[in-house]
Every structure is written in structure tokens, then in C-alpha cells.
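In: Need coordinates for the following:
(one chain, ligands or ions: 2)
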Amino acid sequence: MIPEPDELLAGAHTVRLPLATRFRGVTEREALLLHGPNGWAEFSPFLEYDDAEAAAWLAAAIEAGWGEPPAARRDRIPVNATLPTVPVDRIREVLERFGAVRTVKVKVADAAEGLDADVARVREVRRLLGPEARIRVDANGAWNVDQAERAAHALAPFDLEYLEQPCASVGELAELRGRLHDWQLPIAADESVRKADDPLAVARAGAADLLVVKVQPLGGVARALRIVAEAGLPAVVSSALDTSVGLAMGARLAAALPELDFDCGLGTAALLTADVTREPLTPADGAIPVRPVEPDAALLRAHAAPPDRATWWHARLRRAHALLPGSAPPRVE
Ligand SMILES: O=C(O)CCC(=O)c1ccccc1C(=O)O
Ligand SMILES: [Mg+2]
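Out: Numbers count the residues shown, from 1 in each chain. Ligands and ions are numbered 1, 2, ... in the order given. As a prediction, the model looks like this:
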């Protein structure tokens with residue numbers, strides 16, 4: 001039985017945290033934190049997501065707060081720095097927030113810029129981190145196949161680890177993967193896993209070399225583990241720009257994966273200028289620990305979202321709850 005909304009919301013806090021730099025077009029991140037019998041959980045679908053999509057995020061939160069954690073195979077998770085589409089002269093300052101990391105994910109293909117800006121950013125990251133660093137880029141599906149192929153050529157001198165979601169559709173990814181075959185440039189699927197009706201379609205089509213998996217949009221750790229196992233591909237665990245509570249959920253997934261060959265996108269607490277705990281999961285020595293996160297009462301108060309936003313998040317949770325399999329239909333008042 002899944003807990004009723006009143007139980008989920010009993011110890012809940014809605015927070016709004018400032019970002020160090022604009023990311024996905026926003027400068028603040030809102031999240032609803034739930035306090036379950038088995039720990040804290042985060043429910044933070046992006047504001048524009050509909051209720052059906054939000055329901056998967058809620059299932060993940062219920063699993064984290066009310067379910068049993070999977071067995072952990074490791075106690076620290078190596079992470080990458082995530083570089084938003086900032087101007088070149090801000091790159092050093094943003095990367096410094098992550099401390100010493102060996103891997104950087106560079107966001108590319110911003111609608112307001114061109115390939116030149118992406119090349120300049122990747123060049124600067126390579127210059128700052130040196131030849132040993134691993135650099136991957138994430139286009140969030142913004143390129144068509146020709147643009148992606150052109151970008152792959154332009155970025156080749158900087159020796160990329162992989163291209164994350166260069167194109168939107170599975171068909172395009174497959175076509176691009178064919179064209180890049182001789183280049184040894186792997187393709188990672190992100191949106192093709194977490195926003196697809198069938199998260200395994202991309203693997204079945206042979207359209208990706210690895211999967212990016214996120215706990216909340218995939219409906220929890222157990223489901224994410226099943227998807228990775230069935231896909232039979234290496235996986236990178238990533239955050240959705242979560243608070244440290246959500247990052248702990250990601251770390252639990254990363255700790256449970258049988259194999260973890262790539263640094264994970266779980267360093268994103270470094271992009272927040274405030275968090276809900278005195279001991280945030282910010283990267284240290286290129287990794288975050290696998291451990292429960294306890295929010296701090298004073299920080300929850302200091303970063304409480306305005307009352308109208310808390311009301312909005314509570315209503316959103318109730319609507320998402322009504323869409324969960326096995327939930328009772330909403331009462332007609
Ligand atoms: O993977 C990372 O390094 C951080 C997470 C990240 O990039 C991200 C954060 C919020 C929304 C989408 C994405 C994404 O990977 O596309
Ligand atoms: Mg991505």
C-alpha cells in the first residue's frame with residue numbers, strides 16, 4: 001500500500017534554493033522534501049512537467065522515504081563537474097566550486113548560441129584541466145543528425161569521453177551512432193531513457209553506448225536498476241539538479257549498480273549556493289559519500305519557499321498521487 005497524501009505531507013517542507021549560475025533557464029530550484037519513517041525524500045519535478053510525469057518522481061520519493069534501500073556495493077561515488085552554458089571567462093570560477101574533479105560535463109547546444117561558443121567552452125575546460133581530464137558534452141537533444149555530426153568533428157580535437165543526448169529521437173541517435181562508428185565517440189542516452197514511454201527502446205535499437213539514469217524521473221532506484229539490467233549497457237547516474245536529499249537518492253542507486261565505470265552527474269550540489277543540510281553532498285576529492293542526509297531545521301526555515309509555492313507543491317503532490325498505480329481515486333468534495 002502506498003501512503004496517503006496526508007501521511008506523505010505530514011512532515012514535509014517546501015524549499016527554494018538559489019543557484020550559483022542560471023541552469024535550464026532558472027536561477028532558483030524548488031523542492032518538496034518529505035520525511036518518511038525510513039528517511040528523508042525529495043519530490044522535485046521541474047515546474048513545467050505535467051502530473052503524469054510528476055507521478056514517477058513521487059513514486060521515487062515514496063520509495064526513498066517509505067521503502068527499503070537496496071544493498072550498497074560501494075560507499076563513495078566519483079562524480080563529474082557540470083558546467084552550464086556560462087561565458088568562457090566564468091568557467092574557472094564555476095569549476096572551482098566542484099573542487100578537484102577529473103571529469104567535466106559541458107552543457108552545449110544552447111538555443112541562444114552557436115557551435116563556436118560550445119567549442120570555445122570545451123577548449124577552455126581542456127586547457128584548465130589538462131590532457132588527463134575526461135570531458136563529456138550534453139546537448140539535451142537539441143541537434144539534428146547533421147548538426148551533431150558537425151559538432152562531433154569540431155569537438156574532436158578536445159578528445160571527448162561521450163556525447164550525451166546529441167539528438168532528440170532514438171532514430172536520430174541510431175543514425176548518428178552509425179556515422180560516428182569509426183570514431184570511437186560513444187553516445188549516451190538521457191532523455192531517451194527518462195522521458196520515453198519505453199526506456200528500453202533506445203537500447204533495443206542499438207542507438208546508444210551507455211545510459212544516463214536519474215532516480216526521480218525513472219520512478220525510483222528499483223525501477224532504474226531494472227532498466228539498466230535489461231538494457232545491458234553501462235550507466236551513469238545523474239541528478240536532476242536536486243538538493244542534497246535528492247542527491248542521496250541518486251548516490252543510493254549508484255552504490256547499488258553492479259558496475260559503475262563512469263563518473264556520475266551527482267556533483268550538482270556545487271551549483272547551489274545554499275542547501276537544506278549542514279553537511280551537503282558537495283564533491284570532495286572528486287566524489288560524494290553514500291549516506292543518509294538529514295535536513296537542518298534552521299536551514300529548512302531559512303530556505304522555506306513562499307507560502308503560495310508550498311500550497312502549489314502540496315496540490316501537485318496530491319494530483320501526482322492520484323495517478324500512481326494502486327492509489328485510491330481522489331475523493332469528490
Ligand atoms: O549530469 C549532470 O552532470 C548533472 C545533471 C544535468 O545535467 C541535468 C540537470 C537537470 C536537468 C537535466 C540535466 C541533464 O543531464 O540533462
Ligand atoms: Mg542530460
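
In: how about the nearest residue to whatever residue of the stretch 51-200 of the chain ends up closest to ligand 2, chain neighbours excluded?
Out: Distances between the stretch 51-200 of the chain and ligand 2 by C-beta to the ion are smallest at residue 190, namely 3.6 Å. C-beta: built from backbone N, CA, C; applies to glycine. Ranked by C-beta to C-beta, 6 or more residues apart in numbering and with sequence neighbours excluded, the top spatial neighbour of residue 190 is residue 212, at 3.9 Å.

In: Give me the pLDDT for that neighbour.
Out: Predicted confidence (pLDDT) for residue 212: 98.

In: What's the separation between it and residue 317?
Out: Per C-beta to C-beta, to the nearest Å, residue 212 is found 26 Å from residue 317.

In: Then residue 77?
Out: Residue 77 sits 28 Å away from residue 317, taking C-beta to C-beta as the criterion.

In: Ok, residue 248 next?
Out: Distance, residue 248 to residue 317, by C-beta to C-beta: 20 Å.

In: Next: residue 128.
Out: Using C-beta to C-beta, residue 128 is found at 42 Å from residue 317.

In: which ones are touching residue 186?
Out: Contact analysis of residue 186 by C-beta atoms under 8 Å, 6 or more residues apart in numbering lists 161, 162, 163, 209, 210.

In: Same question for residue 267.
Out: Counted by C-beta under 8 Å, 6+ apart, residue 267 has contacts 79, 80, 81, 82, 98, 101, 282, 283, 288.

In: so which of these also contact ligand 1?
Out: Among the contacts of residue 267, proximity to ligand 1 is found for 80, 82 (C-beta under 6 Å from any ligand atom).

In: Which of the contacts of residue 267 sits closest to residue 181?
Out: Set against residue 181, the nearest of the contacts of residue 267 by C-beta to C-beta is residue 80 (25.2 Å).

In: Report how many residues lie close to that closest one.
Out: 28 (other C-beta atoms under 10 Å).

In: Same check on the one 5 residues further on?
Out: Other residues lying near residue 85 total 18 when counted by other C-beta under 10 Å.

In: same deal with the one 5 residues further on?
Out: Other residues near residue 90 number 14, with proximity taken as other C-beta under 10 Å.

In: That one contacts residue 20, doesn't it?
Out: No. Assessed by C-beta atoms under 8 Å, residue 90 is found out of contact with residue 20, at 10.0 Å.

In: that older thread, compare the contacts of residue 186 and tell me which is most surrounded.
Out: Within the contacts of residue 186, neighbour counts (other C-beta under 10 Å) peak at residue 163, which reaches 27 neighbours.

In: check contacts around it.
Out: By C-beta under 8 Å, 6+ apart, the contact set of residue 163 is 136, 137, 139, 148, 151, 152, 180, 185, 186, 187, 188.

In: Residue 128 and residue 317: which is more packed in?
Out: Just comparing residue 128 and residue 317: by other C-beta under 10 Å the higher neighbour count belongs to residue 317, 25 against 13.

In: ok, the more buried one - contacts?
Out: Counted by C-beta under 8 Å, 6+ apart, residue 317 has contacts 5, 8, 9, 12, 32, 43, 58.

In: switch the cut-off to 7 Å
Out: Contacts of residue 317 were listed using C-beta atoms under 7 Å, 6 or more residues apart in numbering, and they are 5, 8, 9, 32, 43, 58.

In: can you list the contacts of residue 267 in TSV and add distance to residue 228, secondary structure and pLDDT?
Out: Formatted as TSV, the contacts of residue 267 follow (distance: C-beta to C-beta, whole Å; DSSP: H, G, I helix; E, B strand; the rest coil; pLDDT from 0 to 100):
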residue	distance to residue 228	secondary structure	pLDDT
79	18	strand	98
80	18	coil	98
81	23	strand	98
82	21	strand	98
98	25	coil	98
101	23	coil	95
282	26	coil	98
283	23	coil	98
288	19	strand	98
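
In: quick check, nearest of the contacts of residue 267 to ligand 1?
Out: Closest to ligand 1 out of the contacts of residue 267 is residue 82 (3.6 Å), distances taken as C-beta to the nearest ligand atom.

In: what number of residues lie near the closest one?
Out: Burial of residue 82 is recorded as 26 neighbouring residues (other C-beta under 10 Å).

In: Could you find the closest non-adjacent residue to it?
Out: Counting by C-beta to C-beta, 6+ apart, the nearest residue to residue 82 once its immediate chain neighbours are dropped is residue 105, at 5.0 Å.

In: got the contact list for that neighbour?
Out: Residues in contact with residue 105 (C-beta under 7 Å, 6+ apart) are 80, 82, 83, 136, 138, 265.

In: I'd guessed the residue of the stretch 51-200 of the chain closest to ligand 2 sits against residue 165; true?
Out: Yes. Residue 190 lies in contact with residue 165 (C-beta atoms under 7 Å); the separation is 4.4 Å.
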